[in-house]
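*Asks:* Pasting the sequence and the predicted model now:
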Amino acid sequence: MTAPAPYIGRFAPSPTGPLHLGSLVAAMASYLDARAHGGQWLVRIEDVDGDRNVAGADRHILASLQRCGMQWDGDVTWQTQRTALYDAALAQLADSVYPCGCSRREIADSQTRLAAQHGANASLVYPGTCRAGLAPGKVPRALRLRTPVAPAHVVGFQDRWHGWVEQDITREVGDFVVRRADGFWAYQLAVVVDDGAQGITDIVRGADLLDSTPRQLYLQDLLGLPHPRYLHVPVVLNDAGEKLSKQTGAAAFDNGAGPADLLAHALLPAARFLGLHVTADSIAGFWQATVPAWERLLRERGAF
């Protein structure tokens, strides 16, 4: 029997601002999982979306991780340094990619018509307007990846937290963007290429990305990349029931206060949110308690 590959996990924040409690939860879960498995924990700055990047946010994120006692392995990587990898992947996918000339408004109009004809779920699916070629007068904008034609193409996987998850990417997603109209690489392609290039074996992240995973599995198959294991932890919500995020006004958890404040108001609350009810009087003691607590939690769930 072949021995399993050494564990390599990662935390991949976007530098759109400082980390908040929700992003700390995701970072903590991925860090704990790597340490509990005796593996590596990499940090990758996902700055491929240049319009949303905030100057200096990457340095603030890295400093916050270090202040919290979360030291990564190896060198930090930035997506903007890896565009040659995305170009190579796009060339490999060339037979499955086509230019799309649809604007956001045109896609929304088409989806509204489809929803009226076939039900609300159809509004989530790109209708394939440009699949057979651009209409006269249209110019290419985004690049889309063809998904298998109807009737169905179900992609499923075993999530370590949620159990079996599946999605019919033909009916529920349709052809999806791999390079955006603004010229930036789409998240789905960049993350798959990066994870493959870095040999990531385990992805631990927020459940808001659960729906993206089947598309990423499909891309991995087309690019001949292995499937990592996945674990999607619950996301932190604000008082309005929305995902805590920079877009919903989430405050930074690291305001420059000392270690005791970080422990009391960031690390311990994040751990409690993950179901880890530990006590500690120092950051070092916090990690000594939470790594085995995380392993116990996952073993109780049958997810280790």
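*Replies:* Okay, I see it. Numbers count the residues shown, from 1 in each chain.
*Asks:* hey, let's count contacts and neighbours off CA atoms from now on
*Replies:* Will do.
*Asks:* Hmm, residue 225 is touching residue 195, no?
*Replies:* No - at 9.2 Å, residue 225 does not count as touching residue 195 under the criterion of C-alpha atoms under 8 Å.
*Asks:* shared neighbours, those two?
*Replies:* Common contacts of residue 225 and residue 195 (C-alpha atoms under 8 Å, 6 or more residues apart in numbering): none found.
*Asks:* neighbour count winner among the two?
*Replies:* A count of neighbours by other C-alpha atoms under 10 Å puts residue 195 above the other of residue 225 and residue 195, at 22 against 17.
*Asks:* Pretty sure residue 144 sits in a strand.
*Replies:* Yes - with DSSP: H, G, I helix; E, B strand; the rest coil as the criterion, residue 144 is located in a strand.
*Asks:* Would you mind naming the residues that bridge with it?
*Replies:* residue 98, residue 177 (DSSP bridges).
*Asks:* Which residues are in contact with it?
*Replies:* 97, 98, 99, 100, 175, 176, 177, 178, 179.
*Asks:* any weak-confidence spans in the chain?
*Replies:* For the chain, residues meeting the criterion pLDDT under 70 lie at 1-3, 106-124.
*Asks:* Of all residues in it, which one is nearest the centre?
*Replies:* residue 209 (5.4 Å; C-alpha atoms, centre = their mean).
*Asks:* so that residue sits in a helix?
*Replies:* Yes - using three-state DSSP, the assignment for residue 209 is a helix.
*Asks:* Show me which pair in the contacts of residue 144 is furthest apart.
*Replies:* Spatial extent of the contacts of residue 144 (C-alpha to C-alpha) is set by the pair 175 and 179 at 12.2 Å.
*Asks:* The two: who's more crowded?
*Replies:* Using other C-alpha under 10 Å as the criterion, residue 175 and residue 179 rank with residue 175 on top: 27 against 23.
*Asks:* Spit out the contact partners of residue 73.
*Replies:* Contact analysis of residue 73 by C-alpha under 8 Å, 6+ apart lists 40, 41, 42, 43.
*Asks:* What is the helix or strand harbouring the last one packed up against?
*Replies:* Assigned by DSSP states H and E, residue 43 belongs to strand 40-45. Packed against strand 40-45, as judged by 3 or more C-alpha pairs under 8 Å, 6 or more residues apart in numbering; DSSP states H and E, are the following elements: strand 8-11, helix 21-36, strand 77-78.
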